[in-house]
Each structure stands twice: as C-alpha cells, then as structure tokens.
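Q: Generate coordinates for the sequence data below:
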Amino acid sequence: MPQHVRGIGLPDEEPIELWIVDGRVSHQPVAGADTIFDGGWILPGLVDAHCHVGLGPGGGVDVDEAIAQAEAERDAGALLLRDCGSPVDTRSLDERDDLPRIIRAGRHLARPKRYIPGLPIDIEDESQLPAAVAEQARRGDGWVKLVGDWIDRGIGDLAPLWSDDVIKAAIDAAHTHGARVTAHVFGEDALPGLIRGGIDCIEHGTGLTDDTIELMVEHRTALVPTLINVENFPGIADAAGKYPVYAAHMRDLYANAYPRLAAARDAGLRIFAGTDAGGMIAHGRIADEVEALKGIGMSPTEALGAACWDARQWLGRPGLDDGASADLLCFKDDPRQGPSVLNRPDVVILRGRRF
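A: Predicted structure coming up:
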C-alpha cells in the first residue's frame with residue numbers, strides 16, 4: 001500500500017508532504033495512501049562518510065557480523081555509508097533490501113608494516129601504487145583509500161608512506177578510472193604532497209596547519225575529521241611506550257585537534273561527518289559525530305547537513321527528490337537538539353520499507 005508522511009522538512013524548515021510508492025518518493029498525491037507520520041521533522045537518511053562495514057576490533061569479520069554492523073547503522077538512521085576500506089568483500093550485502101546502501105573504497109593501500117596488520121594490501125615497491133590504485137578503482141564504488149601516514153618504527157614517529165610524484169601518479173590513475181581518492185592522515189608532513197597531488201578528501205586531518213588548510217581550500221579538498229575517533233588518541237599514545245616521540249606527537253595532535261579543525265571550518269573547507277566505525281568505534285554512532293562537529297563551530301543545522309543532505313550531494317546520492325529511493329527519517333522532535341533525539345528516529349524508511 002502507498003504510504004504518506006507529513007511534517008517539516010530540513011534544511012529549509014518548510015512544510016513537506018511525501019508519498020511513497022513502490023519504494024520511491026513521489027511529490028504528487030497518491031489516492032488511498034496510508035499516513036504513517038504526521039507532525040514532526042522529516043529528512044533524508046543520514047550518511048556516515050567514514051564507516052568500515054566488515055571490520056571489527058580484531059580485523060575482518062564474517063558475513064553475519066557485517067550484517068549486524070549494517071543493521072546497527074540502519075537502526076541509528078545511517079542509510080548511506082561510505083566504507084573507507086575493508087579487508088573483506090561485503091558486496092553480497094547489496095542483495096539485501098533491508099540494509100543501508102554502501103559506497104566502497106575497496107582495500108586500504110599501504111606500505112609493508114606501515115599500517116594495521118591484515119587490513120591493507122601491502123605495496124612492496126611504491127612504483128606499483130598507481131597500478132594498485134587502478135585495480136581498487138575498478139573494484140570499488142567510485143573511491144580508493146590510501147594510507148597517507150603511519151608510524152615509521154625506524155624513526156619512531158608518524159611519517160608519510162609515499163613520495164609526492166608517486167602520489168600524483170596514483171591519484172591521476174584513479175581519476176582516469178572515474179574514482180576519487182581519500183587518505184588516512186594523522187600528522188602534518190604527508191598533507192602537502194597529497195593535496196598538491198589532487199587528492200579528493202582527507203580522513204582525520206588532525207595535523208592541519210594554516211598552510212595546508214589554505215591548500216585544501218585552493219584545491220577544494222574535502223575533510224572527514226572522525227572526531228569521535230580522535231578521542232582515542234590519548235589511549236594510542238599511552239600504548240606507545242616504546243616510541244616516546246610518536247606518543248608525544250599523538251598527544252599534541254589530540255590537544256590541538258579542535259582548534260585546527262575549527263580553523264578549517266572557518267576557512268570554508270567542506271567537512272563531512274564520519275565515525276570511523278568498525279575498529280575502535282562501535283557502529284551506529286553517527287549522532288555522536290554530528291554532536292562533535294558542533295564543537296568545531298558548526299551550527300546545529302550545518303552539523304546535521306554534514307551527515308545528511310550536504311553529504312549526499314557530495315557523494316552524488318539523492319535526498320528526497322521526486323522519484324528517488326525512499327530512504328528517509330521522521331522525528332517527533334527536532335533532530336538538531338542532539339544525540340538523544342537524532343539517535344532515535346521515530347520512523348526509519350529504507351527503500352520504501354518501514355523499520
């Protein structure tokens with residue numbers, strides 16, 4: 001039976017009525033539709049722009065656990081996930097019409113012993129990176145994930161993994177295959193080469209400086225800061241007793257993260273919400289990330305947009321357009337109030353199906 005919802009739409013705060021027919025949104029009235037929500041707030045499904053379905057604290061998980069992770073995201077209202085690297089193939093989940101849509105970046109690409117064991121494809125010779133990027137571009141859904149920096153045990157601190165000319169060739173290879181590139185970056189030193197090389201997005205970005213913020217604005221590089229995962233930096237430092245320089249660096253990055261990211265926001269950088277769920281972060285916490293974004297100066301509407309309508313536009317996915325897949329959330333109370341509301345949608349509709 002066709003369904004009908006009525007309320008206040010976000011972000012424009014205007015009255016909105018939608019009809020849902022055969023899993024799609026209709027802006028035209030449909031006779032006989034069942035009104036399932038009337039009076040409240042309506043918005044497109046949330047986006048977690050840095051999420052690892054298929055990854056758990058111990059590494060790759062089996063299909064059943066990956067499904068449970070995706071269900072946790074759905075129940076929290078995250079109906080579109082950008083999976084920034086997973087060691088397991090989760091494409092079988094696409095056959096399920098009760099799970100969020102996943103945009104995949106394939107496997108992480110790193111140098112040997114320069115990332116979490118078992119997660120990346122290790123590139124022995126960095127000259128092989130462009131070909132590896134091209135392969136992941138063919139396997140992914142329009143994104144490729146690089147590890148931009150990680151601890152180099154030889155020097156005992158964070159250091160870039162790749163030379164600048166190889167980075168540019170690799171990013172060019174991805175763009176040739178119609179894919180965008182993002183990179184894990186904690187520190188300062190890897191950022192200039194990645195940004196000048198044409199990278200499309202930076203994950204974390206805790207090492208931003210005034211100069212690299214300016215570079216990102218110039219190159220229109222997006223940022224996904226994963227603020228709730230940054231809260232793990234002190235624990236990472238505490239566990240790095242063998243590498244005191246690295247530990248001190250991680251503590252400094254943590255201490256300065258919010259001022260640096262606030263400066264990035266003030267400079268006009270495009271910033272989107274991602275939790276880094278799947279490793280040290282539990283799935284289903286997008287509302288907490290939205291709340292954290294307010295801490296870098298975002299208004300409640302701006303922070304919610306970073307996990308909703310703005311993120312969908314950035315990823316090339318529709319919102320509540322006529323004919324779009326009916327992926328939407330309904331709230332009795334204003335979801336901009338905070339996680340106590342945003343984390344508990346009153347109605348979740350995915351592909352026209354109510355949860």
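
Q: in what helix or strand does residue 144 lie?
A: Assessed by DSSP states H and E, residue 144 sits inside strand 143-147.

Q: Run through who's touching that strand.
A: 82, 84-85, 103-111, 114-115, 120, 133, 136-137, 161-162, 167, 170, 174, 179-184, 194, 199 (C-beta atoms under 8 Å, 6 or more residues apart in numbering). Where you see a C-beta, it was placed from the backbone N, CA and C, and this is true even at glycine.

Q: same thing with stretch 333-340?
A: Contacts of stretch 333-340 (C-beta under 8 Å, 6+ apart): 10, 40-41, 43, 287-288, 290-291, 300-301, 303-304, 329, 341-342, 345.

Q: Just the terminal-to-terminal distance for it.
A: This stretch, stretch 333-340, spans 10 Å end to end (C-alpha to C-alpha, to the nearest Å).

Q: Setting the sequence-adjacent residues aside, check what's closest to residue 52.
A: Closest residue to residue 52 apart from its sequence neighbours, by C-beta to C-beta, 6 or more residues apart in numbering: residue 278 at 2.9 Å.

Q: re the thing from before, taking the contacts of stretch 333-340 as a set, which two sit the farthest apart in space?
A: Between any two of the contacts of stretch 333-340, the greatest separation by C-beta to C-beta is 22.0 Å, found for 40 and 288.

Q: Looking at the two, which has the bigger crowd around it?
A: Using other C-beta atoms under 10 Å, the more surrounded residue of residue 40 and residue 288 is residue 288, with 21 against 18.

Q: you'd agree the more buried one is up against residue 277?
A: No: with contact defined as C-beta atoms under 8 Å, residue 288 does not reach residue 277; the gap is 10.3 Å.

Q: what about residue 27, how many residues close to it?
A: Neighbours around residue 27, by other C-beta under 10 Å: 12.

Q: ok, it to residue 313 distance?
A: Going from residue 27 to residue 313 by C-beta to C-beta, to the nearest Å gives 18 Å.

Q: confidence score at the residue nearest the centre of the chain?
A: Nearest residue to the geometric centre of the chain (C-alpha atoms, centre = their mean): residue 49, 1.6 Å. pLDDT, residue 49: 98.

Q: And it, which helix or strand is it part of?
A: If you go by DSSP H and E, residue 49 is part of strand 46-51.

Q: Can you list the strands that the helix or strand just after that strand pairs with?
A: Where DSSP H and E defines the elements, the next helix or strand beyond strand 46-51 is strand 55-56. Strand pairing for strand 55-56, determined by DSSP bridges: strand 59-60 (antiparallel).

Q: State the three-state secondary structure for the residue lying closest to residue 75 once chain neighbours are set aside.
A: Spatial nearest neighbour of residue 75, chain neighbours left out: residue 284 (6.5 Å); criterion: C-beta to C-beta, 6+ apart. What DSSP: H, G, I helix; E, B strand; the rest coil gives for residue 284 is coil.
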